[in-house]
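1. Sequence first, predicted coordinates after that:
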Amino acid sequence: MERLDGVELVLLDLDGTVYEGSRPVPGAAAAVGRLREAGLAVRFVTNTDSVTQEALVERLGRLGLPAAAGEVLTPVALADRLFAARPGSRVLAVASPAIRELLARHLAGPGERPTAVLLCDPSYGATYAELDAAFRAVRAGAELIASQVARVARRDDGEHLDTGGWVRLLEYATGVRARVLGKPSPEFFRLAVDAAGVPPERALAVGDDLGADVAGARAAGARAVLVRTGKGAEPPPEQAGADPDAVIDSVADLPALLGIV
């Protein structure tokens, strides 16, 4: 395995890379610890759009991966920043109660016309009425924003419908293309890189999804490694988007790839 040199920042995907469902990937905590001991900056970049950054920090802590809220980037966190930078934003959020509470200051109230629709993970129990309200708001001129567009979510009991199916449904019905905040959006990766103060060419994204993790990172000017856990254990899709700089069995092998012994 050829070593990757010159890495200062590691951008780690979560589900499928650091953990799978509720189970940690063996050796993940030890690997992250070794990266940090070697002086590398570590950030967690995830498309998780059903819980807050704080909830993810708690989950990582339970898995032996201590992290600060500022070290975890989600599409919802990016949405919060986006709406805060737009005075007067009034948002209709098709999202879990925890996400709506996080975005409460931006949400459209009764009788207010939404300026944007944010579509997130529907697994909280999203209804036809909520989706229809989003459809009507977009048809009336609201911007359609998607947290992410993954087709399949994997949990302990198998595969489930993810946010992407709902996004494509609304795009089809409204005739409007959604702005995507999460991976594979290069904007998502650039935000993480810029916040760490590291040039993109010194950043390395590690994930299990060729389209979201590898293609997105490469489009942002970073390097990327595919792990064979999670989605990475499956045959690649016909149009994955990019080739990784390296492929490893799991994140546990990352220190060796970077020459950390």
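-> Ah, there it is. Numbering: from 1, shown residues only.
2. which residues of the stretch 101-250 of the chain score low on pLDDT?
-> 235-241 (pLDDT under 70).
3. Please enumerate the helices of it.
-> For the stretch 101-250 of the chain, applying DSSP state H, counting those that start in this stretch gives helices covering 128-139, 163-174, 186-196, 216-219.
4. May I have the second one as CSV, with CA atoms only?
-> Coordinates of each C-alpha in helix 163-174 appear next as CSV, following Å, rounded to 0.1, in the frame of the first residue of the first chain:
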residue,chain,number,x,y,z
THR,A,163,-33.8,11.9,2.1
GLY,A,164,-32.8,11.7,-1.6
GLY,A,165,-36.1,10.0,-2.7
TRP,A,166,-38.1,12.7,-1.2
VAL,A,167,-36.0,15.4,-2.8
ARG,A,168,-36.3,13.8,-6.2
LEU,A,169,-40.1,13.6,-5.7
LEU,A,170,-40.4,17.3,-5.0
GLU,A,171,-38.1,18.2,-7.8
TYR,A,172,-40.2,16.2,-10.2
ALA,A,173,-43.5,17.6,-8.9
THR,A,174,-42.4,21.2,-8.8
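5. Can you name every helix or strand that that helix contacts?
-> Here helix 163-174 touches strand 116-119, helix 128-139, strand 143-146, going by 3 or more Cβ pairs under 8 Å, 6 or more residues apart in numbering; DSSP states H and E. Heads up, the C-betas are built off the backbone N, CA and C, glycines and all.
6. if we go to 6 Å?
-> Judged by 3 or more Cβ pairs under 6 Å, 6 or more residues apart in numbering; DSSP states H and E, the packing partners of helix 163-174 are helix 128-139.
7. Would you list the phi and psi of the residue of the chain most remote from its centre?
-> In the chain, the residue that sits farthest from the middle, by Cα atoms, centre = their mean, is Gly111; the gap is 32.4 Å. Main-chain dihedrals, Gly111, degrees, to the nearest 10: phi 80, psi -10.
8. who's in contact with the spatially most central residue of the chain?
-> Centroid-nearest residue in the chain, with Cα atoms, centre = their mean: Asn47, separated by 2.0 Å. Counting by Cβ atoms under 6 Å, 6 or more residues apart in numbering, Asn47 touches 148, 182-183.
9. right, and out of the residues you listed, which lies closest to Ala220?
-> When these are compared for distance to Ala220 (Cβ to Cβ), Lys183 comes out closest, at 10.0 Å.
10. Count residues in the vicinity of Asp249, would you?
-> Residues contacting Asp249 under the criterion other Cβ atoms under 10 Å number 12.
11. so what's it up against?
-> Applying Cβ under 6 Å, 6+ apart to Asp249 gives the contacts Arg228.
12. And it, how far from Asp156?
-> Counting by Cβ to Cβ, to the nearest Å, the separation of Asp249 from Asp156 is 21 Å.
13. what sits opposite the closest residue in space to Ala134 that isn't next to it in sequence in the beta ladder?
-> Excluding the flanking residues, the one nearest Ala134 by Cβ to Cβ, 6 or more residues apart in numbering is Val117, at 4.6 Å. When bridges are called by DSSP bridges, Val117 pairs up with Leu92, Leu144.
14. Please report how far Val117 lies from Val138.
-> As judged by Cβ to Cβ, Val117 and Val138 stand 5 Å apart.
15. Overlap in contacts, those two.
-> Counting by Cβ under 6 Å, 6+ apart, the residues touching both Val117 and Val138 are Leu144.
16. okay, now Leu107: neighbour count?
-> Using other Cβ under 10 Å, Leu107 is surrounded by 18 other residues.
17. So that it lines up with my notes, have the first residue be 49 from now on.
-> Sure thing, new numbering starts at 49, so read that last one as Leu155.
18. Quick one: residues contacting it.
-> Counting by Cβ under 6 Å, 6+ apart, Leu155 touches Val139.
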